[in-house]
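> Need a 3D model of the following:
(one chain, ligands or ions: 1)
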Amino acid sequence: MTRYRRIDPEITRRKFVNWALGVAAGITGLSFVTIVGSAKPVNRETPDKLPPAEGDILVYADGAQVGKPIDPKNLEPQPTRAYPQAKSGDGQPLVKSGDTNNLLLVSKFPEAQLKEPTDLESTAQGIVVYSAICQHLGCPVNWRNVDQTYLCPCHSGVYDPKQGCKVIGGPPPRPLPQLPIKVEGDQIIATGTFLIPPYGISETDFEEYKERAEEGNKG
Ligand code: FES
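Residues are numbered from 1 along each chain as shown. Here you go, the predicted structure:
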């Protein structure tokens, strides 16, 4: 004789509810992972991303002397690549290489060749400094020896470093931002942050950018 086990409807309902809860938890967990995974990485502020600011020393960005202060005597029209270096909170040198806009081009011309709209007050001994990052779509610009200009390789934007890096060709919407400097002994020192917004910073956000520059160097 066949024996049938009685199925307790309460146990069956509980099993189903447990199973449903498990599935729901799995889906929720998956969704959470998906959301977290697809979220844009947060651009966390770190000291090396601070804007250039008054008091920063310009140091070589690459080459044999990377990290050493740029000697103003060894400059020429073909630019030297530099980063601003501040002091960190504990007094150690802090190279601000974490923001691409902080890559700088340092050129030296005969003083008489520098013309407006270069901010002449922000130059020293014919040395003029700009952000190396193109104002069109953010490519680093290069030197073009034939006419002593800065050329962007991405869409052929051309800037004249003797005239405030004004745009003389291609699509960039505004000049490369000039960094005001002075020469002290054998060092080039920033006397403030960029004079106009660098790439990716709107006019509106530029006020906050300047505040970050000031506050950052107070440690
Ligand atoms: S990114 Fe420089 S011209 Fe387009």
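> Quick one: distance of stretch 96-114 to the chain centre.
What separates the centre of stretch 96-114 from the centre of its chain is 14 Å, taken as Cα atoms, centre = their mean, to the nearest Å.
> and if you look at stretch 129-149?
15 Å.
> Does the ligand have contacts with that stretch?
Yes - using Cβ under 6 Å from any ligand atom, we find that stretch 129-149 touches the ligand at Cys134, His136, Leu137, Cys139. C-beta here means a position set from N, CA and C on the backbone, and glycine is covered the same way.
> Check the separation of the first and last residues in that stretch.
Terminal residues of stretch 129-149 are spaced 13 Å apart (Cα to Cα, to the nearest Å).
> do stretch 49-57 as well
15 Å.
> again, but for stretch 185-197
29 Å.
> Run through this protein and note the low-pLDDT ranges.
For the chain, residues meeting the criterion pLDDT under 70 lie at 1-44, 219.
> Now stretch 179-189: buried residues?
Leu179, Pro180, Ile181, Lys182, Ile188, Ile189 (16 or more other Cβ atoms under 10 Å).
> got it, and stretch 86-105?
Buried, per 16+ other Cβ under 10 Å, within stretch 86-105: Ala86, Leu94, Val95, Lys96, Ser97, Asp99, Thr100, Asn101, Asn102, Leu103, Leu104, Leu105.
> Equivalent analysis for stretch 105-125, please.
So for stretch 105-125, counting by 16+ other Cβ under 10 Å, buried means Leu105, Val106, Ser107, Lys108, Phe109, Leu114, Thr118, Ser122, Thr123, Ala124.
> what does the domain assignment say about the chain?
Domain ranges of the chain: 1-39, 47-216, per automatic domain parsing.
> which one of the ones you listed has the most crowded surroundings?
Comparing these by mean neighbour count (mean count of other Cβ atoms under 10 Å), domain 47-216 comes out on top with a mean of 18.
> For the residue lying closest to Ser88 once chain neighbours are set aside, identify the helix or strand it belongs to.
In space, and not counting its chain neighbours, Ser88 is closest to Leu94: 4.0 Å by Cβ to Cβ, 6 or more residues apart in numbering. In this structure, Leu94 sits in strand 93-95 according to DSSP states H and E.
> and stretch 163-175, is it in reach of the ligand?
Yes - judged by Cβ under 6 Å from any ligand atom, stretch 163-175 comes into contact with the ligand through Gly170, Pro171, Pro172.
> From the residues you listed, which land in strands?
In this view, the residues of stretch 163-175 next to the ligand have no member that belongs to strands under DSSP state E.
> From the buried residues of stretch 179-189, pick the one nearest the ligand.
Within the buried residues of stretch 179-189, proximity to the ligand (Cβ to the nearest ligand atom) peaks at Leu179, which comes in at 18.9 Å.
> which residues does the closest one contact?
Pro52, Pro84, Leu104, Ser122, Val129, Tyr130, Ser131, Ala190, Gly192, Thr193, Phe194, Leu195 (Cβ atoms under 8 Å, 6 or more residues apart in numbering).
> can you do 7 Å?
Residues near Leu179 by Cβ atoms under 7 Å, 6 or more residues apart in numbering: Pro52, Leu104, Val129, Tyr130, Ala190, Phe194.
> in the sheet, who's paired with it?
Val129 (DSSP bridges).
> Check the gap between it and Ala82 for me.
9 Å (Cβ to Cβ, to the nearest Å).
> Could you tell me which residues touch both of those two?
Leu104.
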